[in-house]
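Colleague: What follows is a predicted structure for the sequence shown.
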Amino acid sequence: MQLPIYQKNELNVATPPATIADQEAEAGKPRGQYAVVSLGCPKNLVDTEQMLGRLDADGYRMVDSVDGADFVVVNTCAFIDSARDESMEAIDEMLALKRDGKLRNVVVTGCLAERQQGKLLEDRPEIDALVGVFGRNDIVSVVDDLYSGLEEQRTVFKPAAVNPLSDAMRSAVTPRHFAYLKISEGCDRLCTFCAIPKMRGKHFSKPIEQIVDEAKRLGDSGVREIVVVAQDTTYYGMDRYGKPRLNDLLQQLDQIESVDWIRLMYFYPMYIDDALIDTIASANRIVPYIDMPLQHASDSMLKRMSRKTTRKLQTEIVHKLRDRIDSLVMRTTMITGFPGETEDDFKELLDFVDESQFENLGVFTYSIEEDTPAARLPNRVDPEVAIRRRDELMALQQSIAFEWNASRVGGTEEVLIDAPMPEQEGVFIGRTRNEAPDVDGLVYVSQVNEDAPVEVGQIRPCEIVASQGYDLAAAAVE
């Protein structure tokens, strides 16, 4: 989950909103100050940045704490139970601050606002505005209405017809040196466990030219690593061009000289062809890292999940990718406890993970999603059994990951320096090409020569000197 981003505002909340706006406009000050809580996946984070960019352009200013802010934007996630619970807790926390007079308005946006519009307003009438996923372009008009003294709730529903949204107008909340690049919105998959198509609609691809332009803007602004994200990356272009065009897009992105690393996330095993593999294998800037969520390996489970693949096909694509792309690192996610999962199904999953040796892997226990086909499936798995299987699978993955990390000790790898280590002078936190931000392990880098200082945003050669679980310790090389 993306950690909350808390901001602060120091306006006098007792002053009428319109008076504040008028006074500040005359004085050349911001129209108002706001706080942000951003939850969920990188795709949601891009939505957050796009809304902040629009607010900033309209004269509002983001600050560093919710305490006393004029308003707060809570961009929610509704992917699974734990994500919904986290979103509800954030909303309730902000509403408590509003009741205490420390906030004037609470604006709820994102997937939970899209999915539970009526229920949210019924259960939490103090919410001032709801903005659905495809209403994000309306965030300024929503806030302007609140500043104009609008007292009734406003809900912004998803438009009947939606075009791919530009993310060029963004205010970054990630470190300056890396950014997420969303290439499409929505999903056409009908996986029985997933409610994303109900929240984010059908698949819409941005034009290649628009994506390349956004990437160039990011590179020119100082971004060194671009992380390509979508609900279904390998499906990119099918709706717009009549066939997948990820290969063509990547070839153009790889030519952007201002960017050093391009990382690929959310591959679906379909539509990975020889041309796409060749492009990744021969690229100058695309790092040999692929995130490909597979969810399971038992044929019976894959069929019940409507994944349109088999264990045999998944095994073949994993082997093919590893054979053709040098030093490839793979990440995947799995689900335990899906309705009907037997001990034999789970053993197949264990065998597949042991055989595939994924460097990075996450596991979810099945979460019942309303209005999805899986919610109606019989043979529910006891939650304690699902947790036990998750823990057993993670124990296997831990041994794989720890052994892989230990094998890296003594080598030299390039490390992108993300941040200084708090309260430890001369120590920094970074990642190699093998680690995606927020979800994989970290590299703790020591500066050993003051004449060659380590700086945030550098890509620095480092000697790996030790491994500790999922993380590494390294010394900066001059």
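Modeller: Everything's here; your move.
Colleague: Domains in the chain, by residue range?
Modeller: With automatic domain parsing as the criterion, the domains of the chain are listed as 17-156, 178-407, 412-476.
Colleague: end-to-end on the second one?
Modeller: Translated: domain 178-407. 27 Å (CA to CA, to the nearest Å).
Colleague: please renumber so the chain begins at 568
Modeller: Let's use 568 as the start, then, which means that last one is domain 745-974.
Colleague: Of all the domains of the chain, which one is nearest residue 737?
Modeller: Minimum separation from residue 737 across the domains of the chain (CB to CB) falls at domain 584-723, 4.1 Å. For glycine as for every other residue, the C-beta is placed from the backbone atoms N, C-alpha and C.
Colleague: show me where pLDDT drops low in the stretch 918-1045 of the chain?
Modeller: Low-confidence segments of the stretch 918-1045 of the chain (pLDDT under 70): none present.
Colleague: circling back to that earlier point, among the domains of the chain, which comes closest to residue 738?
Modeller: domain 584-723 (3.8 Å).
Colleague: picking that back up, dump the domains of the chain into TSV; add mean neighbour count and distance to residue 739 as well.
Modeller: Converted to TSV, these look like this (neighbours: other CB atoms under 10 Å; distance: least, CB to CB, whole Å):
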stretch	mean neighbour count	distance to residue 739
domain 584-723	20	6
domain 745-974	18	6
domain 979-1043	17	13
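Colleague: CSV for those domains, including distance to residue 738?
Modeller: CSV is the format used below for the domains of the chain (distance: least, CB to CB, whole Å):
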stretch, distance to residue 738
domain 584-723, 4
domain 745-974, 11
domain 979-1043, 18
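Colleague: mean pLDDT for those domains: which is lowest?
Modeller: When the domains of the chain are ranked by mean pLDDT, domain 584-723 comes last with a mean of 80.
Colleague: so how far is it off the chain centroid?
Modeller: 19 Å (CA atoms, centre = their mean, to the nearest Å).
Colleague: again with stretch 862-876
Modeller: 24 Å.
Colleague: Show the residue spans covered by the helices in the stretch 868-1017 of the chain.
Modeller: In the stretch 868-1017 of the chain, helices defined by DSSP state H, counting those that start in this stretch lie at 878-891, 910-923, 950-974, listed in chain order.
Colleague: Which one of these lies nearest to residue 647?
Modeller: Smallest distance to residue 647 across the helices of the stretch 868-1017 of the chain (CB to CB): 12.4 Å, for helix 950-974.
Colleague: Does anything pack onto the closest one? Which helices or strands?
Modeller: Helix 950-974 sits against strand 896-903, helix 910-923, strand 927-932, strand 1026-1035, with contacts defined as 3 or more CB pairs under 8 Å, 6 or more residues apart in numbering; DSSP states H and E.
Colleague: Nearest approach to residue 620 belongs to which of these?
Modeller: It's strand 1026-1035; of the helices and strands packed on helix 950-974, that one is closest to residue 620 (CB to CB) at 26.7 Å.
Colleague: what's downstream of the closest one, the next helix or strand?
Modeller: Counting by DSSP states H and E, the element after strand 1026-1035 in chain order, helix or strand, is strand 1038-1043.
Colleague: Parallel or antiparallel, which strands does that following strand pair with?
Modeller: strand 1010-1013 (parallel), strand 1026-1035 (antiparallel) (DSSP bridges).
Colleague: In a markdown table: those, plus distance to residue 765.
Modeller: Shown next, in a markdown table, are the strands paired with strand 1038-1043 (distance: least, CB to CB, whole Å):
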| stretch | distance to residue 765 |
| --- | --- |
| strand 1010-1013 | 39 |
| strand 1026-1035 | 40 |
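Colleague: Can I take it that residue 855 is in a strand?
Modeller: Yes: assessed with DSSP: H, G, I helix; E, B strand; the rest coil, residue 855 lies in a strand.
Colleague: Disregarding residues adjacent in the polypeptide, which is nearest to it?
Modeller: residue 895 (4.6 Å; CB to CB, 6 or more residues apart in numbering).
Colleague: Residue 753 is in contact with residue 772, isn't it?
Modeller: No: Residue 753 lies out of contact with residue 772 (CB atoms under 8 Å); the separation is 9.4 Å.
Colleague: one step back: right, and the domains of the chain - which one's nearest residue 736?
Modeller: Among the domains of the chain, if distance is taken as CB to CB, the winner is domain 584-723, at 4.0 Å.
Colleague: Can I get the helix or strand hosting residue 847 in PDB, CA atoms only?
Modeller: Secondary structure from DSSP H and E places residue 847 in helix 841-849. Provided in PDB are the C-alpha atoms of helix 841-849 (Å, rounded to 0.1, in the frame of the first residue of the first chain):
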ATOM      1  CA  ASP A 841       8.900 -13.100 -29.400                       C
ATOM      2  CA  ALA A 842       9.100  -9.500 -30.600                       C
ATOM      3  CA  LEU A 843       8.200  -8.100 -27.200                       C
ATOM      4  CA  ILE A 844      10.800 -10.400 -25.500                       C
ATOM      5  CA  ASP A 845      13.500  -9.300 -28.000                       C
ATOM      6  CA  THR A 846      12.800  -5.700 -27.400                       C
ATOM      7  CA  ILE A 847      13.200  -6.100 -23.600                       C
ATOM      8  CA  ALA A 848      16.300  -8.300 -24.000                       C
ATOM      9  CA  SER A 849      18.100  -5.800 -26.300                       C
END
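Colleague: on contacts alone, who are the packing partners of it?
Modeller: Packed next to helix 841-849, using 3+ CB pairs under 8 Å, 6+ apart, are helix 813-820, strand 853-858, helix 878-891.
Colleague: could you redo the last one with a cut-off of 7 Å?
Modeller: On a contact count with 3 or more CB pairs under 7 Å, 6 or more residues apart in numbering; DSSP states H and E, helix 841-849 meets helix 813-820, helix 878-891.
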